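# okay, here's the prediction I keep looking at, along with the sequence it came from:
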Amino acid sequence: MLALVAIILLALAFDYINGFHDAANSIATIVSTRVMSPRSAVLWAAFFNFIAFIIFETSVASNIAKGVNPASVTLPLVAGGLVGAVVWNLLTWWWGLPSSSSHALIGGIAGAAIVKECGVSIQRQRLLGSIDLVQMARDAVHTLDLGFFQKTAIFIVVSPLIGMILGWCIMRLVMAIFGRTAPRKIDRGFRSAQLVSAALYSLGHGGNDAQKTMGIIVAALVATGHLANGKHVPLWVVLLCQAAMGLGTMTGGWRIVKTMGMKITKLAPVGGFCAETSGAATLFLATALGIPVSTTHTITGSIVGVGSTRKWSAVRWGVAGRIVWAWVLTVPAAAGIAGIAYLAIRLIGGVG
């Protein structure tokens, strides 16, 4: 029981870190356009992050819980996956890189599961008198829900593209409608509109991101026999995860806010509104489909799309390139850290 409580606390710690790591996603545009002060922005975002459970179903959480074969899930595996995600999140926060907490978690769980299954496969094959590396790899892969991981991998690319295309289209539409309006009037009108778009984006963030931690806690409850299956997410799990996400957002990740809101491209309130609206639409779609996506990828693609409507040189592609490299490295890096963490936990605890 103590081990389960420790896992839940570790999962909530990840959720909290996810909140302050991804606070930039919710508030960077509204802070950089000076529509709200940083303190007001994080309170605004935290509130809408928390109430997201009222609007969205927990389909993302259910899919996360089923990402690894339930028969293979153990508490050390869950702990290893969480450690991998937490360590990578803290490293990228320190470096000021907006990497994906979602893919860090998914990579961490996958890495721990693969290392665990490789160990089981080796023990099984030793009893047979030979080691078949190909069979070991097959055993490790089969412990994962490949359909779920394939959809997630596809949306690593698709979500920022959707955000970028929508951002470009919405910005172009706004320019066509208000092209002859005085800049001061546009600025004044969209300062108010950005409050709504930021709220919608924070709802999408809370609806998609907090559910990933819910899925991890559900997997731990199923593994210990405290829950029959991963289809139902208890209300107490939902409330704890939404609260941890909201508190983390209130803390704010200011290193990443600077990168997201100021270094990629210069935004005015109208651009901030278009970026947040396109990002929110992408998150709403992904959550409705039950697919965990990166809010970081989504808002970055949206900001790039909005910035490129002026001219391609308005986007600082060097900064965007660093962000893309962080995306590429997130899954394997978190998986590697999680695999090592799983082995250390198993060695210390003497359990599988």
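Sure, I can see it.
# rest of the way, CA atoms for contacts and neighbours
Fine.
# quick one: what helix or strand has the most centrally placed residue in the chain in it?
In the chain, the residue lying closest to the centroid (C-alpha atoms, centre = their mean) is residue 102, at 2.9 Å. Per DSSP states H and E: residue 102 is located in helix 101-128.
# if we can go back for a sec, name the nearest residue to the residue nearest to the centre of the chain, ignoring sequence neighbours.
Nearest residue to residue 102 in three dimensions, chain neighbours excluded: residue 294, at 5.6 Å (C-alpha to C-alpha, 6 or more residues apart in numbering).
# got it, and residue 240?
residue 12 (7.5 Å).
# tell me the contacts of the one you found?
Counting by C-alpha atoms under 8 Å, 6 or more residues apart in numbering, residue 12 makes contact with 213, 240-241, 244.
# quick check: of the residues you listed, which has the highest neighbour count?
Highest neighbour count within those: residue 213, with 33 neighbours (other C-alpha atoms under 10 Å).
# now do the helix or strand harbouring it: distance to the chain's middle.
Residue 213 belongs to helix 183-223 when assigned by DSSP H and E. Distance of helix 183-223 from the chain centroid (C-alpha atoms, centre = their mean, to the nearest Å) equals 11 Å.
# after the helix or strand of the chain with the lowest mean pLDDT comes which helix or strand?
Every helix and strand in the chain was compared by mean pLDDT, DSSP states H and E; the lowest is helix 254-258, with a mean of 52. Using DSSP H and E, the helix or strand that follows helix 254-258 in sequence is helix 269-289.
# in that following helix, which residues are buried?
269-284, 286-287 (16 or more other C-alpha atoms under 10 Å).
# quick one: the stretch of helix or strand residue 240 belongs to to helix 183-223, angle?
According to DSSP H and E, residue 240 maps onto helix 235-251. Put simply, helix 235-251 runs at 140 degrees to helix 183-223, going by axes from the mean of the first three to the mean of the last three C-alpha atoms, to 10 degrees.
# against which helices or strands is helix 235-251 packed?
helix 2-21, helix 23-32, helix 38-50, helix 52-55, helix 183-223 (3 or more C-alpha pairs under 8 Å, 6 or more residues apart in numbering; DSSP states H and E).
# which one of these is the most hemmed in?
Ranked by mean neighbour count under mean count of other C-alpha atoms under 10 Å, the helices and strands packed on helix 235-251 are led by helix 23-32, which reaches a mean of 29.
# for the record, mean pLDDT for it?
For helix 23-32, mean pLDDT rounds to 70.
# who are the contact partners of the closest residue to residue 49 other than its chain neighbours?
In this structure, residue 49 finds its nearest non-sequential neighbour in residue 206, 4.1 Å apart by C-alpha to C-alpha, 6+ apart. Residues in contact with residue 206, defined by C-alpha under 8 Å, 6+ apart, are 48-53, 242, 245.
# cool, residue 334 as well?
Counting by C-alpha under 8 Å, 6+ apart, residue 334 touches 81, 84-85, 87-88, 104-105, 107-108, 111.
# most neighbours among these, which one?
Within the contacts of residue 334, residue 108 tops the neighbour count with 36 neighbours, counted by other C-alpha under 10 Å.
# quick check: that residue touching residue 82?
Yes: at 6.4 Å, residue 108 counts as touching residue 82 under the criterion of C-alpha atoms under 8 Å.
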